[in-house]
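Peer 1: pasting the structure only:
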Ligand code: ME8
């Protein structure tokens, strides 16, 4: 069995989770579910990043000890994920003992190999980014991310000889087209590598300045730089260096937003190479969720609460929206208007309507039993072909991290099925007493609806489960996988004649909006 290992970033615990974190983790959950349906042995890792100045300062501001502070915020991430339908296999915290040991083992290994040296360093330090900036990287003297004035710090530190591995990295990226995807980020990283701006990486902080970190195994006056510590979570969670899971599950894939492209695309692969480990398979990079054209972030205070939004509009609809609305790799705008439009257009009108009209016709004409089809006509064959084609497209696109286009491809079938209902007019066939033709049309519709529902399980596990149940198929489970997507896309089958289906369906009710004079959207009660 193929194994598939996927990670999200481990989130900083300086504030509570917001829509941005929820997006990455929901996408990861959907990708994991998709790979389960391909019959793979999946492992899904997420967690929290708990060391460093940023956390230390946030704890100090609240007058609390760092440990007490990180315990509370880490729990708010840990406890949120199941409420968003997310099922991870492991939640790692960088304050875990096994992680700290793995980081020390990693440091020692790279040190012993001669890739860590001691030297003097000066740079503009941003506490928000937890990194030094060179003069060239500043924008008008300010941090390019946080737009704050930076402090110049000069001190003795340990360095990782990253520059030694940069030619190898460039070569690797050039040879593996999809190593970093979408392509715009691959291009960005290659430009970074060609610019000559990358140097060795400062990987320590003197304890005189920071204590909240992992002590270097070869010098107890220093702690490890938070990024060097954090990236190692991707293997420490698998029990590296000695755990058996590491050998069977690594290399995996990563999912991150563009804010942390450089540590994942440059630091991490060179660190792995220096430690003699294989590099990851893919780095999947998405854009930012914007709110009124500004990046949503904890520091800007314009955050959307994912739990509240999921509860108000329905968790499955919310998950669908996130996957469908953002073109993976590009920025997207979040607004309740956009969410409501998607729910009403795609879910209520297209998909919900299809289910409700077809199931009520099946109840009326065949007492809710799947009828036996008779001879297929050209238009029936076209429906079957389109359905299988869109499933195959879906599999290819979803597997290639093009989630929005994958769902769009499914909707081609959903819309075509609604048109097929209109053109075949089952009510007219019934009136004419053409039962054989009516049975074929209804059979085609129910079979295609079942295939569509299967593909929706990764994005909308609950709703897809209910759709499948309405079609007399068991809801997809977590393990072992009930449905084999690859096989399902190869034959237009799956619904045995005689199967009992639901009499009605109302999975995605329309949301009626009333506008307040202020322009705020108010959700009307259903
Ligand atoms: O960077 N839009 O943690 P972090 C989309 N601890 N995604 C967003 C987002 C937005 N507006 N805001 C945040 C860190 N994210 C490090 C990672 S990994 C070894 C260490 C998501 O809490 C997105 O996944 O700042 C982004 O990459 C991540 O949160 C940053 O989380």
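Peer 2: Thanks, I have the structure now. This structure is a prediction, so every number in the text was calculated from the model and none was measured.

Peer 1: spit out the contact partners of whichever residue of the stretch 151-300 of the chain sits closest to the ligand.
Peer 2: At 3.3 Å from the ligand, residue 257 is the closest residue in the stretch 151-300 of the chain, using Cβ to the nearest ligand atom. Where C-beta positions appear, they are placed from N, C-alpha and C, glycine not excepted. Listed by Cβ atoms under 8 Å, 6 or more residues apart in numbering, the contact partners of residue 257 are 9, 20, 24, 285-288.

Peer 1: next one: residue 92
Peer 2: Applying Cβ under 8 Å, 6+ apart, we find residue 92 in contact with 10, 45-48, 99, 233, 236-237.

Peer 1: got the confidence number for it?
Peer 2: With respect to pLDDT, residue 92 scores 98.

Peer 1: which residues does it form beta bridges with?
Peer 2: Residues found in beta-bridge contact with residue 92 (criterion: DSSP bridges) are residue 47.

Peer 1: next one: it from the ligand, what distance?
Peer 2: If you measure residue 92 against the ligand using Cβ to the nearest ligand atom, to the nearest Å, the figure is 10 Å.

Peer 1: now residue 310
Peer 2: In this structure, residue 310 and the ligand are separated by 16 Å, where distance is defined by Cβ to the nearest ligand atom.

Peer 1: what is the neighbour count of residue 157?
Peer 2: The criterion is other Cβ atoms under 10 Å. On that basis, residue 157 has 19 neighbouring residues.

Peer 1: ok, residue 464 - contacts?
Peer 2: By Cβ under 8 Å, 6+ apart, the contact set of residue 464 is 316, 453-454, 456-457, 475-476.

Peer 1: weed out the non-buried ones from these.
Peer 2: When these are checked for burial by 16 or more other Cβ atoms under 10 Å, the buried set is 316, 453-454, 456-457, 476.

Peer 1: from those, which shows the smallest pLDDT?
Peer 2: Minimum confidence in the buried ones among the contacts of residue 464 sits at residue 476, scoring 64.

Peer 1: tell me which element residue 45 falls in.
Peer 2: strand 41-49 (DSSP states H and E).

Peer 1: what about that strand and the ligand, touching?
Peer 2: Yes. Legend: contact between strand 41-49 and the ligand by Cβ under 6 Å from any ligand atom is shown at residue 49.

Peer 1: relative to strand 41-49, how tilted is whichever helix or strand comes after that strand?
Peer 2: The helix or strand immediately downstream of strand 41-49 is helix 53-61, counting by DSSP H and E. The directions of helix 53-61 and strand 41-49 differ by 50 degrees, with axes from the mean of the first three to the mean of the last three Cα atoms, to 10 degrees as the criterion.

Peer 1: hmm, who's touching helix 53-61?
Peer 2: Identification of contacts with helix 53-61 by Cβ under 8 Å, 6+ apart yields 12-15, 65-66, 68-70, 127-128, 130, 205, 210-212, 226.

Peer 1: just the residues you listed: which are in strands?
Peer 2: Counting by DSSP state E, the members of the contacts of helix 53-61 that fall within strands are 12, 205.

Peer 1: adding distance to the ligand and secondary structure, write the contacts of residue 464 out as JSON lines.
Peer 2: Shown next, in JSON lines, are those (distance: Cβ to the nearest ligand atom, whole Å; DSSP: H, G, I helix; E, B strand; the rest coil):
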{"residue": "316", "distance to the ligand": "20", "secondary structure": "helix"}
{"residue": "453", "distance to the ligand": "29", "secondary structure": "helix"}
{"residue": "454", "distance to the ligand": "28", "secondary structure": "helix"}
{"residue": "456", "distance to the ligand": "23", "secondary structure": "helix"}
{"residue": "457", "distance to the ligand": "23", "secondary structure": "coil"}
{"residue": "475", "distance to the ligand": "29", "secondary structure": "coil"}
{"residue": "476", "distance to the ligand": "26", "secondary structure": "coil"}
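
Peer 1: max pairwise distance over those: which two?
Peer 2: With distances taken as Cβ to Cβ, the most widely separated pair in these is 316 and 454, at 14.8 Å.

Peer 1: show me how to select, in PyMOL, the buried members of the contacts of helix 53-61.
Peer 2: In PyMOL, this line selects whichever of the contacts of helix 53-61 come out buried by 16+ other Cβ under 10 Å:
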select buried, resi 12+13+14+66+69+70+127+128+130+205+210+212+226
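
Peer 1: the contacts of helix 53-61 in helices, which ones?
Peer 2: For those, membership in helices holds for 66, 68-70, 226, with DSSP state H as the criterion.

Peer 1: which of those residues lies closest to the ligand?
Peer 2: Ranked by distance to the ligand (Cβ to the nearest ligand atom), these are led by residue 226 at 7.8 Å.

Peer 1: next one: the closest residue to the ligand within the chain from residue 12, what distance?
Peer 2: In the chain, the residue found nearest to the ligand is residue 20; the distance is 2.2 Å by Cβ to the nearest ligand atom. From residue 20 across to residue 12, the span is 12 Å (Cβ to Cβ, to the nearest Å).

Peer 1: and if you look at residue 468?
Peer 2: The spacing between residue 468 and residue 12, counted by Cβ to Cβ, is 38 Å.

Peer 1: and if you look at residue 268?
Peer 2: From residue 268 across to residue 12, the span is 17 Å (Cβ to Cβ).

Peer 1: cool, and residue 322?
Peer 2: Residue 322 sits at a distance of 21 Å from residue 12 (criterion: Cβ to Cβ).

Peer 1: check contacts around the residue positioned nearest the centre of the chain.
Peer 2: The structure's the chain has its C-alpha centroid closest to residue 27; by Cα atoms, centre = their mean the separation is 2.4 Å. By Cβ under 8 Å, 6+ apart, the contact set of residue 27 is 255, 286, 322-323, 328, 403.

Peer 1: how about the residue nearest to residue 83 when sequence neighbours are not counted, secondary structure?
Peer 2: Beyond its immediate neighbours in the sequence, the residue positioned closest to residue 83 (Cβ to Cβ, 6 or more residues apart in numbering) is residue 307, lying 5.8 Å away. At residue 307 the chain is in helix, as set by DSSP: H, G, I helix; E, B strand; the rest coil.

Peer 1: wait, residue 328 touches residue 286, no?
Peer 2: Yes. In this structure residue 328 lies within contact range of residue 286 using Cβ atoms under 8 Å: 5.5 Å.

Peer 1: and the strands in the stretch 151-300 of the chain?
Peer 2: Secondary structure of the stretch 151-300 of the chain by DSSP state E, counting those that start in this stretch: the strands cover 151-160, 180-181, 201-202, 204-206, 215-216, 219-224, 253-257, 282-286, 289-291, 294-295.

Peer 1: so can I have TSV of those strands showing distance to residue 169 and mean pLDDT?
Peer 2: Compiled in TSV, these are given as follows (distance: least, Cβ to Cβ, whole Å; pLDDT from 0 to 100):
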stretch	distance to residue 169	mean pLDDT
strand 151-160	13	92
strand 180-181	11	98
strand 201-202	13	93
strand 204-206	22	94
strand 215-216	24	98
strand 219-224	22	97
strand 253-257	15	98
strand 282-286	12	98
strand 289-291	29	94
strand 294-295	28	84
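
Peer 1: distance to residue 436 for those - can I get that in CSV?
Peer 2: What follows is those, written out as CSV (distance: least, Cβ to Cβ, whole Å):
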stretch, distance to residue 436
strand 151-160, 73
strand 180-181, 49
strand 201-202, 72
strand 204-206, 78
strand 215-216, 78
strand 219-224, 73
strand 253-257, 50
strand 282-286, 49
strand 289-291, 52
strand 294-295, 59
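
Peer 1: which among the ones you listed is found nearest to residue 116?
Peer 2: In this view, the strands of the stretch 151-300 of the chain are compared for proximity to residue 116 by Cβ to Cβ, and strand 151-160 is the closest at 5.6 Å.

Peer 1: mind listing the strands that closest one pairs with, and their directions?
Peer 2: Strand partners for strand 151-160, identified by DSSP bridges, are recorded as strand 116-126 (antiparallel), strand 201-202 (antiparallel).
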